[in-house]
Each structure stands twice: as C-alpha cells, then as structure tokens.
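[1] Below are the sequence and a predicted model for it; my questions follow.
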Amino acid sequence: MPRIEIVPSILSADVGRLAEQVKEAEAAGADRIQVDVMDGHFVPNLTFGPGVVEAVRRATKLPIEAHLMVDRPELFLEAFAKSGATLIEVQVEATSSLYRTVQTIKELGAKAGVAINPATPVEDLREILPYIDLVNVMTVEPGFGGQKFIGRSPEKIRRVRALSSEVEIEVDGGIDARTAPLVVAAGATVLVAGNSVYGYKGGVAAGIKAIREALD
C-alpha cells in the first residue's frame with residue numbers, strides 16, 4: 001500500500017496565525033499544505049489569492065497545492081506558479097480548455113491536478129488522465145469548510161481508480177478519523193483535512209495523529 005498523504009487545508013486555519021498554523025502542521029507530519037482559492041463565482045465564497053500562497057511558502061518547505069475553485073482558471077495559473085505553488089488543481093467544470101490548462105501548468109514547472117464535483121461524472125476524466133498527476137474527488141460540494149461527507153463518495157473513488165492505477169487520488173471534504181479509512185479502502189492516496197486538523201480540540205498535531213491512527 002502506498003503511503004497515505006495528509007494535506008491540511010488552511011481554509012480552516014486561524015488566518016491571523018497563518019505562519020504558526022502552517023508550521024504546526026509541518027511539525028506534526030503533514031505531507032503538504034492546501035490553499036483553497038475561491039472566487040465568489042464558481043463557488044459562493046471568496047478566499048485566498050497568490051499572496052497567501054507566498055505567505056505559506058515563506059512559512060514552510062512542504063509542497064503547496066493551490067486548488068483553484070474559480071471560473072477560467074487558465075487566467076491565474078502563472079500567478080500561482082510564481083507565488084510558490086508546487087501543484088495546481090483546476091476544476092474540470094470551470095474551463096472549456098482543460099487540456100491546454102493542464103499543459104500550461106506543467107510548462108510553468110508545477111504538477112497538474114484536476115478536481116471533480118460530486119455530481120460530475122467520472123467519465124469526464126477519461127481523456128485527461130494521461131496528462132495529470134492527481135485527481136481530486138470532491139466529497140462535499142465545494143465552497144465552504146466543515147461540510148458533511150457525502151456517503152456515496154467511496155463508490156465514486158473506486159470508479160476513478162478503475163480508470164487509472166497510477167494517478168494520485170485525492171479526496172477533499174469531511175475527511176476525519178471516521179471517513180479516512182473508507183476513502184483509503186476505495187483507492188484514495190491523498191487526504192485533505194481542514195476542520196479535523198485545524199479545528200481538532202486537541203490541536204493540530206493531535207488531529208493529524210487521529211487520522212493516521214485510524215488508518216493503521
């Protein structure tokens with residue numbers, strides 16, 4: 001079994017203590033940090049821009065993934081690559097030129113990922129899979145942290161895994177010590193965790209530890 005990566009999302013962090021919270025996650029064994037980028041159009045929320053990625057980059061040596069939940073993500077790729085993102089994810093629903101967008105990400109020196117919303121068919125991934133490093137199977141409707149995990153998500157993860165034995169499968173939404181074993185058993189290898197890390201009552205390190213222990 002491949003190592004399961006845990007990726008804290010700063011969407012749930014205390015932004016007033018951003019550098020400290022990122023460093024806590026790194027010290028606790030996080031594998032990378034996720035920055036959720038929302039534009040208030042593709043999703044009904046407005047969050048972070050390239051400047052926040054730069055701030056995270058200054059606080060950690062961990063890889064940083066920028067998940068662009070924005071309309072026309074191709075317009076923002078260069079800015080996020082220059083700010084220090086090592087992996088850039090775009091939503092398959094947000095661009096009419098997905099292949100070109102993925103190729104541009106790679107030309108900018110970053111890894112390329114795509115994310116699919118809960119209602120998006122797995123089949124929409126088939127043609128792009130050979131060109132990407134990661135698929136993010138959203139296990140909630142994107143836009144806000146703290147949502148309830150969609151119970152049928154493991155079945156969808158299995159269908160994505162059936163399309164490719166090589167691509168990294170990330171899951172994002174409602175991941176905690178209870179749901180983590182379900183998605184890993186279905187084929188996920190990367191777990192994004194927000195509230196279950198930054199909102200964990202015992203602190204960041206205890207939150208990451210609880211997820212890892214649930215997987216052992």
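    Sure, I can see it.
[2] quick one: low-confidence ranges for the chain?
    Within the chain, the ranges that satisfy pLDDT under 70 run 1.
[3] now the helices for it?
    18-27, 50-59, 77-83, 98-107, 153-163, 180-186, 195-198, 204-215 (DSSP state H).
[4] Let me have these in TSV, extended by mean neighbour count and distance to residue 39.
    C-beta here means a position set from N, CA and C on the backbone, and glycine is covered the same way. TSV is the format used below for these (neighbours: other Cβ atoms under 10 Å; distance: least, Cβ to Cβ, whole Å):
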stretch	mean neighbour count	distance to residue 39
helix 18-27	18	20
helix 50-59	18	13
helix 77-83	18	13
helix 98-107	18	15
helix 153-163	18	25
helix 180-186	19	27
helix 195-198	24	22
helix 204-215	18	28
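[5] Select, out of these, the one closest to residue 2.
    Across those, residue 2 has its closest neighbour in helix 180-186 (9.8 Å, Cβ to Cβ).
[6] elements contacting the closest one?
    helix 153-163, strand 190-193, helix 204-215 (3 or more Cβ pairs under 8 Å, 6 or more residues apart in numbering; DSSP states H and E).
[7] Looking at these, which is nearest to residue 64?
    strand 190-193 (12.7 Å).
[8] Residue 53 and residue 59, how far apart?
    According to Cβ to Cβ, to the nearest Å, residue 53 and residue 59 sit 11 Å apart.
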